[in-house]
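Sequence and computational prediction follow.
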Amino acid sequence: MSFSQQVKNELLKIEYDSTCCEKALLYGMCIFGKSFSSYGVGVQTENKDIAIKYASLIEKYCNIKCDVKTSPGGKSHTVMINDKAQCEKVLAFFGHETKGSLKINHSNFDCENCQKSFLAGAFLSCGTVSDPNKDYHLEYTVPFLNLSKSLVTLLEELDLAPKTANRKGYNIVYFKDSEAIEDCLYIMGASASMFDMMNVEIVKDFRNKANRAANCETANIERTVKASWEQSAAIEKIEEKKGLDFLKPDLKEMAVLRQDNPEASLAELSKLSGLSRSGVNHRLKKIVEIAKEL
């Protein structure tokens, strides 16, 4: 099961205490469904339970009995009202008797939770969300521009800040930020899925920090090895051309210490010599400079 299907199954299991919220859920499913006009009202979905829910709510609130029709391959499930009188009955039930551009009718929201259940209904009809293990993306695919603008306004009223785009003639209202997606899931009522997403995010963050720490440690080791090799090569060059007695006593002492401890870091040489780390680094740099001048 995809994460998107998990969210939708969770939304389908919500039992609304208020009739107004259940009506708002149906309204969201209707207006963002496959068709919502006097020529046809219905939804088409890959999830059969969504189609069954839609049919049961249409019968409950509009007294219209609909059949769920499944495609030959079983991948698509459709509930469609084609009778014009019945279509107009559904439109009238939600206050859409007048013709014009399709927008959300806020008179269908009787309590403060109606907008949230409406959003859940909209997601059931036209929403998708990516697997958080792979990507952070939640979107509503809306066929009409003014309806998408109306959805953006509603989301903003719920303190969400969606982005918009156009894809193949469809208006996309979406979120890419993980925190915004989690907030949207919670508002719709998919709190279990929200916590699943948060857990994935925590694990990913922990792994990223562990990888950064490992990369940093590897880089430090590489720098230490490179510096040690350069210093050892410089000491060998001085020893071959002039002998280590050519160096001042403090530099000779450091050269011998490096030869005896070729893999030691500056911090380790600091402990062995009793000098500060910067003091060790200064002397080794001086030895390298002398070797370059020879």
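Received it, and whenever you're ready, just let me know what you need. Numbering: from 1, shown residues only.

Ramachandran angles for Lys69?
phi -110, psi 130 (degrees, to the nearest 10).

Then Lys134?
According to degrees, to the nearest 10, Lys134 has phi -110, psi -40.

so where do the helices sit in the stretch 51-200 of the chain?
84-93, 114-126, 145-157, 178-188, 191-241 (DSSP state H, counting those that start in this stretch).

mind listing what's buried in the first one?
Taking 16 or more other CB atoms under 10 Å as the basis for neighbour counts, the residues of helix 84-93 that come out buried are Gln86, Cys87, Val90, Leu91, Phe93. C-beta coordinates here come from the backbone N, C-alpha and C atoms, glycine included.

So the last one sits against Asn63, correct?
Okay, so that is Phe93. No. In this structure, Phe93 is not within contact of Asn63 by CB atoms under 8 Å, at 9.7 Å.

one step back: okay, the helices of the stretch 51-200 of the chain in CSV with distance to Ile172 and mean pLDDT next?
Formatted as CSV, those follow (distance: least, CB to CB, whole Å; pLDDT from 0 to 100):
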stretch, distance to Ile172, mean pLDDT
helix 84-93, 25, 93
helix 114-126, 10, 95
helix 145-157, 8, 94
helix 178-188, 14, 94
helix 191-241, 20, 84
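
These: which one's closest to Lys8?
helix 114-126 (5.7 Å; CB to CB).

between the closest one and helix 178-188, how many degrees?
Helix 114-126 runs at 110 degrees relative to helix 178-188, counting by axes from the mean of the first three to the mean of the last three CA atoms, to 10 degrees.

centre of the chain versus helix 114-126, how much separation?
Here helix 114-126 is found 20 Å from its chain centre; the criterion is CA atoms, centre = their mean, to the nearest Å.

and it, what does it pack onto?
helix 3-12, helix 19-31, strand 40-45, helix 48-62, strand 138-142, helix 145-157, helix 178-188 (3 or more CB pairs under 8 Å, 6 or more residues apart in numbering; DSSP states H and E).

ok, 6 Å please
helix 3-12, helix 19-31, helix 178-188 (3 or more CB pairs under 6 Å, 6 or more residues apart in numbering; DSSP states H and E).

Using PDB, write out every CA atom in it.
What follows is helix 114-126, C-alpha atoms only, in PDB (Å, rounded to 0.1, in the frame of the first residue of the first chain):
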ATOM      1  CA  CYS A 114     -16.500  21.500   8.600                       C
ATOM      2  CA  GLN A 115     -13.600  23.000   6.600                       C
ATOM      3  CA  LYS A 116     -11.300  20.300   7.900                       C
ATOM      4  CA  SER A 117     -13.700  17.500   6.900                       C
ATOM      5  CA  PHE A 118     -14.300  19.200   3.500                       C
ATOM      6  CA  LEU A 119     -10.500  19.200   3.000                       C
ATOM      7  CA  ALA A 120     -10.400  15.500   3.800                       C
ATOM      8  CA  GLY A 121     -13.200  15.000   1.200                       C
ATOM      9  CA  ALA A 122     -11.200  17.000  -1.400                       C
ATOM     10  CA  PHE A 123      -8.100  14.900  -0.800                       C
ATOM     11  CA  LEU A 124     -10.100  11.600  -1.200                       C
ATOM     12  CA  SER A 125     -11.200  12.800  -4.600                       C
ATOM     13  CA  CYS A 126      -8.200  14.600  -6.000                       C
END
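
from here on, count from 520
All right, first residue 520 from here; so that's helix 633-645.

So which residues make contact with that helix?
Residues from elsewhere that reach helix 633-645 (CB atoms under 6 Å, 6 or more residues apart in numbering): 527, 530, 539-540, 543-544, 546-548, 551-552, 562, 569, 628, 659-660, 706-708.

Could you list the low-pLDDT ranges of the stretch 520-669 of the chain?
617, 619 (pLDDT under 70).

please redo it, this time with the cut-off set to 80
520, 616-620 (pLDDT under 80).

Can you give me the neighbour number for the nearest residue to Lys622 once chain neighbours are set aside?
Counting by CB to CB, 6 or more residues apart in numbering, Ser669 is the residue found nearest to Lys622 once chain neighbours are left out, at 4.4 Å. Neighbouring residues of Ser669 were enumerated by other CB atoms under 10 Å; the total is 20.

Just to check, Ser669 is in contact with Ile623?
Yes. At 4.3 Å, Ser669 counts as touching Ile623 under the criterion of CB atoms under 6 Å.

what sits in contact with each of the two?
What both Ser669 and Ile623 touch, as defined by CB under 6 Å, 6+ apart, is an empty set.

Please tell me how far Lys805 sits from Glu758.
16 Å (CB to CB, to the nearest Å).

actually Cys549, sorry about that
Distance from Cys549 to Glu758, counting by CB to CB: 88 Å.
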